[in-house]
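In: make a model of this:
(4 chains)
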Number of protein chains: 4
Amino acid sequence: MLKGFNVPLTAKGKSTLNPLPPWYYSADFLSIEFWTEPSAAAALLPPGLDPDRAANGHAGAYFYDWQFSGNDEEYLDPARYQYREFFVLLDALYQGKPVSYCPYIFVDNDAALARGWAQGYPKRIAQVFQTRYHAATGKAGPPLAAGSKFAGSLTCAGQRLAEGLVTLKDPVKDTSHLIDRPVLGLLHFPRLAADKQDHPAVHELVQNVPHDVKIEQAWIGDGSLTLPVCRGEEVSDLAPVRCGKGIRASLSYVVDDHKTLKDLRR
Amino acid sequence: MLKGFNVPLTAKGKSTLNPLPPWYYSADFLSIEFWTEPSAAAALLPPGLDPDRAANGHAGAYFYDWQFSGNDEEYLDPARYQYREFFVLLDALYQGKPVSYCPYIFVDNDAALARGWAQGYPKRIAQVFQTRYHAATGKAGPPLAAGSKFAGSLTCAGQRLAEGLVTLKDPVKDTSHLIDRPVLGLLHFPRLAADKQDHPAVHELVQNVPHDVKIEQAWIGDGSLTLPVCRGEEVSDLAPVRCGKGIRASLSYVVDDHKTLKDLRR
Amino acid sequence: MLKGFNVPLTAKGKSTLNPLPPWYYSADFLSIEFWTEPSAAAALLPPGLDPDRAANGHAGAYFYDWQFSGNDEEYLDPARYQYREFFVLLDALYQGKPVSYCPYIFVDNDAALARGWAQGYPKRIAQVFQTRYHAATGKAGPPLAAGSKFAGSLTCAGQRLAEGLVTLKDPVKDTSHLIDRPVLGLLHFPRLAADKQDHPAVHELVQNVPHDVKIEQAWIGDGSLTLPVCRGEEVSDLAPVRCGKGIRASLSYVVDDHKTLKDLRR
Amino acid sequence: MLKGFNVPLTAKGKSTLNPLPPWYYSADFLSIEFWTEPSAAAALLPPGLDPDRAANGHAGAYFYDWQFSGNDEEYLDPARYQYREFFVLLDALYQGKPVSYCPYIFVDNDAALARGWAQGYPKRIAQVFQTRYHAATGKAGPPLAAGSKFAGSLTCAGQRLAEGLVTLKDPVKDTSHLIDRPVLGLLHFPRLAADKQDHPAVHELVQNVPHDVKIEQAWIGDGSLTLPVCRGEEVSDLAPVRCGKGIRASLSYVVDDHKTLKDLRR
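Out: Take a look at the predicted model:
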């Protein structure tokens, strides 16, 4: 019996990209609210999702510094499991209910990419950075205070795909509304066989169901985001028409399950 | 209609990790023949494959400097598509016929990882290097000549997993026997749903069917390989008992199809 | 007039690796006290420094997650200026007074390397990681509390050179003794001219004089460290005979000056 | 006696970034001739160099895939010593004689950076790629033949700073004119002491004197280059007004000496 959640499957299950769930996460993040052309957002939605007309192109961009662990103290091997991430969420409707859909996501770690693919997150490898908060503050380390600035950037295949900035104004007293929509994705695994390249092995609308979500140290303020035009890339089609709130906070949660909403194969 | 072979699937199909096949490849490579403990090789074989007793643990280790292209001149964007690779092939039997099985493979590029997963190659991201041949030779650039040495190394998640060396002796006149066994893999895509973590979405024994294989500038000589013991890794279970021939050559081929030999799902 | 502190010097001074001082720093760090063979420590000291016999091989290993800024908000360009670092400090005596000497240091960023070279820190490029503290804790994010574990690792040129672990016991009430010895280095810039390769352009015993040092959130406990033997490297000559305290804290300071203690050129 | 050419200087001299010269080099390269605004080129010249008015802004951009070795088979440790490079050379005059001056250069390896700094090459760390030639050609591997295309790209601190393309037309019969001007640089090592930040320790106009230069497999054709505008960077001030010839070839040489033409310190 070969062991492992992801490839490689091996005799002892040590080489696998990821241990079996549960998967534990802890992070600092920046989020930036923005509005794109509604038609650009609509063009990225898979079958089963409808544009959220009322949202008028409303979306979010997110920079995360993540720490991951399974049940075997994987957080003590940060070279293998710690990672940074950028993603976009688009407002959409599923059966008339408001959801978020993730069309783009980038990480700097292969274990995170592999977990993401199993969750319907279309991850590519990239370089992601965000300004960090350290308890010892100063000109190089902004405090959690009004006026402090935190920046993020994304570079993929050598091109700068996104830059963001959050300027803090106020602490967030009630964090219960910060994550308000379920996050949906497109679970997709293609077929290479010549007669099946149009018939993926897996092609499903899925929903992520994290639990034990904790948000700490949340501050809210203004956000700004740019998505520059780059050769061979189309993230820039979502370029902001205007930007809204910016948030800087810490988050932790647990992932051990997943929901398929709809099989999209023909 | 969303477009792309791999995720992300998008409106225009530019952001996808890979274009639709055909996929074109060109490379320089080092290969090192070795024998491992037969039981260590056998322990890595998936259902459907039998140990090749006569092979007595015979295996190969490979360092590749690859260039990739689809039909849209992707080789002119080397930051996105050029890559380096290390893999191991184990002698095995499929329905009594000699084949090679790939239990471990590492690349430094996400497009290559994504193609590999669709081919049954269990790729992880790593740092792979090999000594190169340049036409202007010297003490830093070994000629293609008897006595020249070419080295390779693999580092994954910060640990050195493999080191290899090929010392040239003779040019290879007939390259038709250099790639003699079909290469099989385990196509695997897991399920995260709590009740399906033991029931992968895809779990198949597959065969790669490249064509238009060309081998040029092949030299043969002695090979040596080490697979050091590393924490959290089990490649070292295949540590060589002894090493055999080493080869240094160039190779190109085309991939546009794939065969499923057996669905292994219960 | 060409502008810049480090190369490249250019018309506008934007491309330089670093702006002119003052340089601002903010970090989270792990430190691990250890004792090495006194002769191994003594063998690394430059002229002008004496072994600290009473210290009996006492040394420290340090993992830092740094944020840097000049006066132009460089902390908002983390892709260019944020970095991670590992270094070793050896107890030594300068004119009979206790000091720390830095024989080895590694960073993952070229701006940090360039500043380091101007400070007498012999930096190489490497991959450095440490377990991070995020305010939203859990199994992937250890709290600042007794029993919490934080790990660090260093990989250079593909080889794992160091691994460390700190297990917290108690908060540190008085942090004023955490940094007690001045840090000295060997400022060295070689000459390539054939007749001067033994006569470096710069070869000085120097002292770092940071100011406005702040330490926050300090916890103390047990430390452990390994420095594995690696080909072509000699950090392992300092392998711990035993380990002592471990610390996890945040630190910030300012650098705008530097002292030459002694010109060591013949 | 501490040993090593570059830092770190240690008891055995194994950890140093580079061994003592002689230094051996072997490479494949792309070069692209271009003309920039003469005033932009003139603005980058250090004291001692004059603009080459007749050159009218003539310059070259170069992508190199390098292999390095000292006398101890360093080319067999490609993870530590193999590297890729991009640089610009500007036509200039030194005492009325035509020379090339290097204002910008980027590598992906710290040993190369350290050697470069000792040669007056103002290296930063970056990601550099070029399309490669492999003997087994195809759609992913262009042959050395008329019409073949080879591309290069440079990304530094997350921003794409340069893209180049060479289209082959003819083999070069006489390669003796391909490298026709001596290459000069600005050797610069700053001082951090508060009262000396305007008085660098080393500030010299220098000349590189490689020998045993060999050029092989040279093809010439058309070149094109773009230097996009990027935040915090000024390479784009040299943006081509027009481009000229492109070359693709292999080169090897030896470096064991260096000339100081003029001490530029005040």
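
In: what mean pLDDT does the longest helix seen in chain A get?
Out: Taking DSSP state H as the criterion, chain A has its longest helix at helix A:110-119. pLDDT averaged over helix A:110-119 equals 98, rounded to a whole number.

In: bridging residues for whatever residue of the stretch 51-200 of chain A ends up closest to chain C?
Out: Closest approach between the stretch 51-200 of chain A and chain C, counting by Cβ to the nearest Cβ: residue A:141, at 2.6 Å. The C-beta positions use only the backbone N, C-alpha and C, and glycine is treated the same way. For residue A:141, the beta-bridge assignment (DSSP bridges) gives partners residue A:138.

In: what's the spacing between whichever helix or strand comes after the longest helix of chain A and its chain's center?
Out: Next in sequence after helix A:110-119, counting helices and strands by DSSP states H and E, comes strand A:123-125. Its chain's average C-alpha position is 11 Å from that of strand A:123-125, according to Cα atoms, centre = their mean, to the nearest Å.

In: and the next helix or strand past strand A:123-125?
Out: Moving toward the C-terminus from strand A:123-125, the next helix or strand (DSSP H and E) is strand A:127-130.

In: and that next one, is it in reach of chain C?
Out: Yes. In this structure, strand A:127-130 sits against chain C according to Cβ under 8 Å from any Cβ of the partner chain; the contacting residues are A:127, A:129-130.

In: same question for stretch A:238-252.
Out: Yes. Stretch A:238-252 lies within reach of chain C by Cβ under 8 Å from any Cβ, at A:249-252.

In: among these, which are located in strands?
Out: Judged by DSSP state E, the subset of these located in strands is A:249-252.

In: show the buried residues in those.
Out: Using 16 or more other Cβ atoms under 10 Å in any protein chain shown as the burial test, these include A:249-252 as buried.

In: buried subset of the residues of strand A:127-130 next to chain C, written for ChimeraX?
Out: Command for ChimeraX that selects the buried part of these, burial taken from 16+ other Cβ under 10 Å:
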select /A:127,129,130
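
In: closest to the centroid, which residue in chain A?
Out: When chain A is reduced to its mean C-alpha position, the nearest residue by Cα atoms, centre = their mean turns out to be residue A:87, at 4.0 Å.

In: residues touching residue A:75, list them.
Out: Taking Cβ atoms under 8 Å, 6 or more residues apart in numbering or on different chains as the contact definition, residue A:75 lies against A:24, A:26, A:67-69, A:81-82, C:131, C:139-142, C:151.

In: what's the closest of the residues of strand A:127-130 next to chain C to chain B?
Out: Of all those, the one sitting nearest chain B is residue A:127; the distance, using Cβ to the nearest Cβ, is 11.7 Å.

In: residue A:258 reaches residue A:208, doesn't it?
Out: Yes. Applying Cβ atoms under 8 Å as the test, residue A:258 and residue A:208 come out as touching, 6.7 Å apart.

In: now for those two: what residues contact both?
Out: A:119-120.

In: buried set for stretch A:181-195?
Out: A:181-193.

In: ok so, going back, helix, strand or coil: sort out the residue nearest to the centre of chain A for me.
Out: For residue A:87, the reduced secondary structure class is strand; criterion used: DSSP: H, G, I helix; E, B strand; the rest coil.

In: all helices for chain A, in order.
Out: Residue ranges of the helices in chain A, as given by DSSP H, are A:38-42, A:78-81, A:110-119.

In: highest mean neighbour count out of those helices?
Out: Each of the helices of chain A was scored by mean neighbour count; the highest is helix A:110-119, a mean of 25, by mean count of other Cβ atoms under 10 Å in any protein chain shown.

In: so the residue nearest to residue A:55 when sequence neighbours are not counted bridges to which residues?
Out: Leaving out its chain neighbours, the residue that sits closest to residue A:55 by Cβ to Cβ, 6 or more residues apart in numbering or on different chains is residue A:91, at 3.6 Å. Beta bridges link residue A:91 to residue A:100 when assigned by DSSP bridges.

In: residue A:91 and residue B:9, how far apart?
Out: Computed with Cβ to Cβ, to the nearest Å, the distance linking residue A:91 and residue B:9 is 19 Å.

In: related to what we said a few turns ago, got TSV for the buried ones among the ones in strands among the residues of stretch A:238-252 next to chain C, with pLDDT too?
Out: Putting these into TSV (pLDDT from 0 to 100) gives the following:
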residue	pLDDT
A:249	98
A:250	98
A:251	98
A:252	98
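
In: the strand of greatest length in chain A and chain B, any residue contact?
Out: Once chain A is assigned using DSSP E, the strand that runs over the most residues is strand A:211-226. No. Using Cβ under 8 Å from any Cβ, strand A:211-226 stays clear of chain B, coming no nearer than 11.2 Å.

In: so what's the gap between that strand and the chain middle?
Out: When C-alpha coordinates are averaged (Cα atoms, centre = their mean), strand A:211-226 and its chain have centres 13 Å apart.
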